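> Take a look and give me a structure for this.
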Amino acid sequence: EPYRASKTAMGCSGSVNVDHAASLSFMKKWRSGGKGKDFLVMGIKDQNMVGKVYFSGEATSEPDLVASLDAVLKKTRGDACCSRDEFDHLWDVVWHNTKMTSGYQFMSMKKPFFPIGKNIVQLMDTLGGHGFVPFA
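Numbering: from 1, shown residues only. Reported below is the predicted structural model:
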């Protein structure tokens with residue numbers, strides 16, 4: 001097994017179109033082997049009523065990692081759950097009903113879709129505990 005510290009988690013927060021044709025082409029190529037197996041790709045989507053956190057990579061088959069992620073993501077919102085819908089075909093593991101940003105702030109002076117630091121840090125700490133190093 002490769003040295004765990006060489007594996008990397010990559011994330012995006014607030015991307016408008018995570019799920020598009022260019023991404024599908026990239027993911028197919030990425031999953032076909034080579035260095036792609038050393039990476040864990042993460043996406044965060046809070047632009048609709050159902051906040052989502054996505055992961056793709058070989059590490060998503062590790063039960064300990066998935067259990068740790070499940071525990072931390074359920075802390076973001078009580079009804080967060082690991083499940084899939086028809087929009088999640090690019091990703092290996094998906095959590096729905098998460099709360100990672102301030103979300104849409106209709107009629108408010110608050111910043112919309114601003115990352116919630118506590119939740120982001122807990123997620124990054126969990127990934128770090130499993131040997132992943134974030135980069136964007």
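> Going along the chain, name the helices of this protein.
Assigned by DSSP state H, the helices in the chain fall at 21-31, 63-76, 117-129.
> any idea which strand is longest in this structure?
Longest among the strand segments of the chain by residue count, using DSSP state E, is strand 39-45.
> Which elements pack onto that one?
Here strand 39-45 touches strand 8-10, helix 21-31, strand 52-56, going by 3 or more C-beta pairs under 8 Å, 6 or more residues apart in numbering; DSSP states H and E. Any C-beta I mention is one placed from the backbone N, CA and C, and that applies to glycine too.
> again, only using 6 Å
Strand 39-45 makes packing contacts with strand 8-10, strand 52-56 when contacts are defined by 3 or more C-beta pairs under 6 Å, 6 or more residues apart in numbering; DSSP states H and E.
> weakest of the ones you listed by average pLDDT?
With a mean of 50, strand 8-10 has the lowest mean pLDDT of those.
> which regions of this structure sit below the pLDDT cut-off?
Counting by pLDDT under 70, the ranges of the chain that qualify are 1-24, 26-27, 30-37, 48, 136.
> contacting residues for K29?
Listed by C-beta atoms under 6 Å, 6 or more residues apart in numbering, the contact set of K29 is empty.
> The residue lying farthest from the centre of the chain and T101: what is the separation?
Residue farthest from the centre of the chain, counting by C-alpha atoms, centre = their mean, is M107 at 28.5 Å. According to C-beta to C-beta, to the nearest Å, M107 stands 18 Å off from T101.
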